[in-house]
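Participant: Coordinates for the following, if possible.
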Amino acid sequence: MQYSIQPVAIVNNNRKEIEDDNWGTIISTIELTENINESSLKGIDEFSHLEIIFYFDKVDDEKIQYEARHPRNNKNYPEVGIFAQRGKNRPNKLGVTIVELIDIKQRTLIVKGLDAIDGTPIIDIKPVMKEFLPKGDVKQPNWSISLMDKYWD
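Facilitator: Here you go, the predicted model:
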């Protein structure tokens, strides 16, 4: 079974290279592609945060991982499956991030905290609603807390 998905927007920011940390202060613009009507953003300014689904288009197919590995190839972290981490070398190359919506200008969203490099294709944009966030405490292993220590700095 195959699927064809077209980008709805493109990321513009000053991050040109793939990096693991320091995404918290990055301001990005998300500009709709020509085939997406500007009215698709109507009402989005009533939300403080958006969930952005994007495609890791710069990841080489040869680097895709289908099994367990050490996150960031760091042997200090346990070997865990690709679906137990958020690395970019995923089978379908999809990334998901919740960002703060700063402003909207016609066909462009201005957001903070998007961990996608300049030129990244956006697959979908969704408003964040409390009802879709996890109920109760979120559980995660200590290695993942360590890994994320400087991610949003």
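Participant: And the helices in the protein?
Facilitator: 142-147 (DSSP state H).
Participant: which sections of it are below the confidence cut-off?
Facilitator: The model of the chain has pLDDT under 70 over residues 21-22.
Participant: quick check: longest strand of it.
Facilitator: For the chain, the strand reaching the highest residue count under DSSP state E is reported as strand 94-105.
Participant: What strands line up against it, and which way round?
Facilitator: Its sheet considered, strand 94-105 pairs with strand 49-55 (antiparallel), strand 108-112 (antiparallel) by DSSP bridges.
Participant: ok, residues contacting it?
Facilitator: The contact list for strand 94-105, computed with C-beta atoms under 8 Å, 6 or more residues apart in numbering, reads 27-28, 41, 44-45, 47-56, 86, 88, 109-116, 123, 128. In this view, the C-beta of every residue, glycine as well, is placed from N, C-alpha and C.
Participant: List only buried entries from those residues.
Facilitator: 28, 41, 49-52, 54-56, 86, 88, 109-111, 113-116, 123, 128 (16 or more other C-beta atoms under 10 Å).
Participant: from the chain's centre, how far out does the longest strand of the chain sit?
Facilitator: 9 Å (C-alpha atoms, centre = their mean, to the nearest Å).
Participant: Can I get it as PDB, trimmed to CA atoms?
Facilitator: Taking Å, rounded to 0.1, in the frame of the first residue of the first chain, the C-alpha atoms of strand 94-105 are listed here in PDB:
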ATOM      1  CA  LEU A  94       8.000  12.400   9.700                       C
ATOM      2  CA  GLY A  95       8.500  14.900  12.400                       C
ATOM      3  CA  VAL A  96       5.900  16.400  14.800                       C
ATOM      4  CA  THR A  97       6.400  19.400  17.000                       C
ATOM      5  CA  ILE A  98       4.100  21.700  19.000                       C
ATOM      6  CA  VAL A  99       5.000  25.300  18.400                       C
ATOM      7  CA  GLU A 100       3.900  28.700  19.700                       C
ATOM      8  CA  LEU A 101       2.000  30.800  17.200                       C
ATOM      9  CA  ILE A 102       3.400  34.300  17.200                       C
ATOM     10  CA  ASP A 103       1.600  35.900  14.300                       C
ATOM     11  CA  ILE A 104      -0.200  35.300  11.000                       C
ATOM     12  CA  LYS A 105       0.200  37.400   7.900                       C
END
